[in-house]
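# could you work out the structure for the sequence below:
(one chain, ligands or ions: 1)
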Amino acid sequence: MNHPFGRSHPVDTALGAARQHLVYAAIFSGLLNLLYLAPTIFMLQVYDRVVPTRGTMTLYALIVILTVALLVLSLLDLARMRLLLRASIRLEKRAAEPILHRILGATTASPGERAAAIRNLDTLRGVMTGPAILALFDAPWAPVYIFVCFLLHPALGGFALFASLLLAGIAITSEQATKRGAAEAQARAGIQSRIQDYAIQTAEVARALGMRQAVVQVQLRDRADLVDRQARLAATSGGYLAVTKFLRQLFQSLALGLGAWLAVRQSISMGSIFAASLLVGRALAPVEQILGSWKNVLAARGAYAGLSEFLRRPDDTAPRTALPTPKGHLSLSGVSVQAPGSDRMLLHDIDFTAKPGEIVALVGPSGAGKSTLLRVMAGALAPDSGEVRIDGASLTDWDREALGRAVGYMPQSPSLFPATVKTNISRFAAVYLGGGAELDAMVVDAAQRAGAHETIQRFPQGYDTMLTIREAGGLSAGQRQLVSLARALFGRPSLLLLDEPNAHLDVNGEAMLMKTLAALRAQGTTIIVSTHRNSLLQVADRMLLLRDGAIEAVNARPQAGGGGGVPGGVVTSLSPLAGSGPTSAAGEARA
Ligand SMILES: Nc1ncnc2c1ncn2[C@@H]1O[C@H](COP(=O)(O)OP(=O)(O)OP(=O)(O)O)[C@@H](O)[C@H]1O
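Okay, here's the model as predicted:
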């Protein structure tokens with residue numbers, strides 16, 4: 001699929017696309033603000049023209065004009081709201097796709113950063129139709145009201161100018177005072193919501209292990225911290241808002257007083273007294289509006305900055321030149337991976353190659369880096385240095401989607417989606433292949449080769465059984481593993497990466513898996529399989545021993561009777577691999 005926004009900043013592109021609507025909304029705001037003057041002019045005319053001349057006909061005419069002006073004002077207001085709504089829909093349409101692609105496609109982002117990115121887009125879209133943007137649109141028109149005040153009398157104009165500058169100053173001070181706290185509170189709220197989701201998911205374990213009290217206490221502490229931050233922020237911005245409200249009301253009344261004083265001195269007409277008060281009020285209103293919705297303005301700014309930062313990462317979703325379907329030549333050179341946020345090496349300078357029709361068993365003690373290595377080989381995790389190549393092309397040069405369809409990856413935790421078993425196995429292929437008998441046949445073929453067909457048929461609705469959002473998806477650990485294996489085998493991949501595929505399989509399942517792997521090897525599939533159990537080693541051509549993130553040994557398959565070079569066969573070579581014995585399999589492997 002083409003991602004036309006992959007290379008530039010998709011939010012800027014989307015905002016650019018919504019610009020026309022925003023420009024019209026700004027123009028409408030101008031007209032609206034001119035029409036807001038209508039009641040003031042009406043009042044001036046009533047006091048200064050109608051009352052002194054007792055001109056009832058003039059009054060009727062003025063009422064008609066005022067009614068029309070207010071009607072047009074309401075229609076413009078409605079049209080402006082619709083324009084902003086359209087702009088937000090446009091933002092969603094243009095930005096959601098590239099951002100979702102990046103969220104799922106970025107190899108370097110943490111889950112928190114991915115979750116924040118989509119939340120930021122929602123925030124940005126929400127602000128487009130909220131009161132904050134209206135206040136921002138109205139603010140530039142305040143000078144018009146001040147100008148009209150000047151027309152009434154320079155003293156009134158000067159007063160309006162002073163009042164609006166003072167309130168603008170307060171608004172800027174408020175922004176400075178709350179900026180940092182707001183950003184921190186927003187970041188904490190994001191973390192907090194993720195922790196809470198996790199606590200809900202793991203509630204079962206917490207109940208069983210008597211951890212409820214403790215988990216609740218920890219949650220309460222975190223919540224209290226967040227509430228405290230938010231309360232402090234609200235108190236600060238609330239204080240500024242209260243001062244602003246007080247000053248605005250005071251200034252509005254003082255304008256009336258100033259007008260009366262000027263009228264007594266016969267410098268202005270009677271009508272101008274009230275007009276001055278209304279105009280000053282109108283000129284100051286946007287400042288108060290902006291302060292009232294400042295939280296949203298800050299949130300929008302933070303959201304935009306957050307999205308920009310996220311989108312500055314390398315774009316893994318950008319289209320690449322189509323390469324032929326891979327045959328399965330895998331090579332790693334100098335691959336190193338660091339633990340996020342520390343300099344601990346999870347993988348260190350890995351050099352390794354595998355060719356089509358070969359099964360390599362990845363072994364090593366717990367935490368040796370087997371899963372990490374498989375994730376790197378699958379392109380799920382980008383190495384910090386070094387290169388992974390498939391059929392000679394670097395992973396970064398492959399079109400990730402096309403390559404992914406030729407790769408079968410089965411992670412340690414099956415990670416199934418809340419969809420039907422068929423949809424899961426087919427990797428949502430119906431979206432691009434369309435459904436139909438051919439797809440069904442491919443799904444059943446994958447399930448049969450994974451030894452999952454019979455198991456799936458025993459599910460309540462067979463292949464159409466819906467997996468739930470719950471962590472286990474409504475299946476047993478072994479069943480999940482079978483479905484995940486079938487998904488890995490879907491589409492007959494040329495490179496198969498399996499992370500402990502037999503961890504939950506029964507004896508029959510394991511025997512079936514070994515038969516499948518042998519058959520796939522015969523068809524020329526490259527297979528890398530990590531395991532803690534010795535049985536799978538019987539089908540392996542080579543064994544790669546990892547320890548502390550580094551390759552300790554690569555050796556040919558141990559044959560019964562020591563033919564492969566490991567004295568004592570597979571079983572004796574495995575126990576040290578589990579990390580307990582003093583004699584390492586590596587030593588044996590080197591022998
Ligand atoms: N996201 C992560 N952040 C930090 N450290 C990590 C992360 N994932 C894995 N590790 C660390 O990387 C090391 C290797 O983990 P990995 O899961 O690759 O080991 P493994 O050999 O597959 O272990 P096992 O046999 O228990 O599955 C471990 O020390 C682990 O603590």
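# which strands or helices does the lengthiest helix in the chain pack on?
If you go by DSSP state H, the chain has its longest helix at helix 212-264. Identification of packing neighbours for helix 212-264 by 3 or more CB pairs under 8 Å, 6 or more residues apart in numbering; DSSP states H and E yields helix 154-201, helix 270-292. Where C-beta positions appear, they are placed from N, C-alpha and C, glycine not excepted.
# and it, how far out from the chain's middle?
Remark: helix 212-264 is offset 31 Å from the chain centroid, using CA atoms, centre = their mean, to the nearest Å.
# could you tell me the angle between that helix and helix 270-292?
160 degrees (axes from the mean of the first three to the mean of the last three CA atoms, to 10 degrees).
# helix 212-264 vs helix 154-201, what angle?
170 degrees.
# near the ligand, which residues of the protein show up?
Ala339, Pro340, Leu346, Gly364, Ser366, Gly367, Ala368, Gly369, Lys370, Ser371, Thr372, Gln412 (CB under 6 Å from any ligand atom).
# make JSON lines out of those residues and add pLDDT and neighbour count.
Below are the residues of the chain next to the ligand laid out as JSON lines (pLDDT from 0 to 100; neighbours: other CB atoms under 10 Å):
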{"residue": "Ala339", "pLDDT": "89", "neighbour count": "12"}
{"residue": "Pro340", "pLDDT": "81", "neighbour count": "10"}
{"residue": "Leu346", "pLDDT": "93", "neighbour count": "23"}
{"residue": "Gly364", "pLDDT": "91", "neighbour count": "27"}
{"residue": "Ser366", "pLDDT": "91", "neighbour count": "8"}
{"residue": "Gly367", "pLDDT": "90", "neighbour count": "14"}
{"residue": "Ala368", "pLDDT": "92", "neighbour count": "23"}
{"residue": "Gly369", "pLDDT": "93", "neighbour count": "25"}
{"residue": "Lys370", "pLDDT": "94", "neighbour count": "25"}
{"residue": "Ser371", "pLDDT": "95", "neighbour count": "19"}
{"residue": "Thr372", "pLDDT": "95", "neighbour count": "21"}
{"residue": "Gln412", "pLDDT": "88", "neighbour count": "17"}
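# could you dump those residues to TSV with secondary structure?
As requested, the residues of the chain next to the ligand are exported to TSV (DSSP: H, G, I helix; E, B strand; the rest coil):
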residue	secondary structure
Ala339	coil
Pro340	coil
Leu346	strand
Gly364	coil
Ser366	coil
Gly367	coil
Ala368	coil
Gly369	coil
Lys370	helix
Ser371	helix
Thr372	helix
Gln412	coil
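# any chance you could map the helices in the stretch 401-550 of the chain?
Secondary structure of the stretch 401-550 of the chain, counting by DSSP state H, counting those that start in this stretch: helices at 421-425, 430-433, 437-450, 453-457, 477-489, 507-522.
# can you say which of the helices and strands packed on helix 212-264 is nearest to Ser308?
When those are compared by CB to CB, helix 154-201 sits nearest Ser308, at 14.4 Å.
# next one: whichever helix or strand comes after the closest one to chain centre, how far?
On the C-terminal side of helix 154-201, the closest following helix or strand by DSSP states H and E is helix 203-208. For helix 203-208, the gap between its own C-alpha mean and the chain's C-alpha mean amounts to 29 Å (CA atoms, centre = their mean).
# only C-alpha atoms, please: export helix 203-208 in PDB.
In PDB, the C-alpha atoms belonging to helix 203-208 read as follows (Å, rounded to 0.1, in the frame of the first residue of the first chain):
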ATOM      1  CA  ALA A 203      -6.400  -8.300  38.400                       C
ATOM      2  CA  GLU A 204      -6.800 -12.100  38.300                       C
ATOM      3  CA  VAL A 205      -3.200 -12.700  39.400                       C
ATOM      4  CA  ALA A 206      -3.500  -9.900  42.000                       C
ATOM      5  CA  ARG A 207      -6.600 -11.600  43.500                       C
ATOM      6  CA  ALA A 208      -5.100 -15.000  43.500                       C
END
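# report all helices and strands that that helix contacts.
Checked by 3+ CB pairs under 8 Å, 6+ apart, helix 203-208 has no helix or strand packed alongside it.
# and the contacts of it?
Helix 203-208 has contacts (CB atoms under 8 Å, 6 or more residues apart in numbering) with Ala199, Met211, Arg212, Val215.
# on that earlier part again, and the helices of the stretch 401-550 of the chain: which comes nearest Ala300?
helix 430-433 (32.6 Å).
# about what we covered before: which two among the residues of the chain next to the ligand are spaced furthest apart?
Pro340 and Gly364 (21.3 Å).
# low-confidence stretches in the stretch 451-591 of the chain?
Within the stretch 451-591 of the chain, the segments meeting pLDDT under 70 span 469-473, 557-591.
# same question for the stretch 1-150 of the chain.
1-8.
# quick one: contacts for the closest residue to the ligand within it?
Nearest residue of the stretch 1-150 of the chain to the ligand, counting by CB to the nearest ligand atom: Ser110, 8.5 Å away. Applying CB under 8 Å, 6+ apart to Ser110 gives the contacts Pro340.
# can you tell me how far it is from Gly509?
Distance of Ser110 to Gly509, computed by CB to CB, to the nearest Å: 34 Å.
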